[in-house]
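A.B. asks: got a sequence here, can you build the structure:
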Amino acid sequence: MNKCNTCGGKMEMYYGPWCPVCDKPEIKSISTLNLVQALDHLEAIGNPGIKRRVWESLLDYIRNDTYFEYFLGDADTSPDLYLLKSHLGLGESIVFHVSW
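C.D. replies: Next up, the predicted model:
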């Protein structure tokens, strides 16, 4: 059993060791991107059909007024995802806000 160096309590595992007594959870700020606006922007600058294609691929997963994390690691296999990632300077994942 691993003990906390601060309080001597039992360490737990959650993606790594942590003490539930001493390691108070913190609110984390995560950048979000409005999906509807991002797709409208890409259409407006000369990418016809991107909104429909991306929207249809996500319809089974999204609801109105929701947030979801989307992994862009496979963007190289999808021209639309690659454009979204490269034009907007996104990393490997993004949290999209969806509201219509």
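A.B. asks: R63: what's its closest spatial neighbour, skipping adjacent residues?
C.D. replies: Spatial nearest neighbour of R63, excluding adjacent residues (CB to CB, 6 or more residues apart in numbering): V98 at 7.4 Å. The C-beta positions use only the backbone N, C-alpha and C, and glycine is treated the same way.
A.B. asks: wait, what's in contact with that neighbour?
C.D. replies: The contact partners of V98, by CB atoms under 8 Å, 6 or more residues apart in numbering, come to N34, L35, V36, I62, R63, N64, D65, T66, Y67, F68.
A.B. asks: do you know how far the residue lying closest to the fourth one once chain neighbours are set aside is from P25?
C.D. replies: Closest residue to I62 apart from its sequence neighbours, by CB to CB, 6+ apart: V98 at 4.9 Å. For V98, the distance to P25 equals 26 Å [CB to CB, to the nearest Å].
A.B. asks: in stretch 5-18, what's buried?
C.D. replies: For stretch 5-18, a neighbour-count test (16 or more other CB atoms under 10 Å) marks M11 as buried.
A.B. asks: what residues does that stretch touch?
C.D. replies: Counting by CB under 8 Å, 6+ apart, M1, N2, K3, C4, C19, P20, V21, C22 sit against stretch 5-18.
A.B. asks: of these, buried ones?
C.D. replies: C4, C19.
A.B. asks: closest to D80 among the contacts of stretch 5-18?
C.D. replies: Nearest to D80 among these: P20, at 42.9 Å, using CB to CB.
A.B. asks: and the closest one, what's its pLDDT?
C.D. replies: Listed pLDDT for P20 reads 96.
A.B. asks: likewise for M1?
C.D. replies: Reported pLDDT for M1: 68.
A.B. asks: which residues in this protein form strands?
C.D. replies: Secondary structure of the chain (DSSP state E): strands at 12-13, 17-18, 32-34, 66-71, 93-98.
A.B. asks: highest mean neighbour count out of these?
C.D. replies: Of all the strands of the chain, strand 93-98 carries the top mean neighbour count, a mean of 16, counting by mean count of other CB atoms under 10 Å.
A.B. asks: now that one against strand 66-71, angle please.
C.D. replies: With axes from the mean of the first three to the mean of the last three CA atoms, to 10 degrees applied, the angle from strand 93-98 to strand 66-71 works out at 150 degrees.
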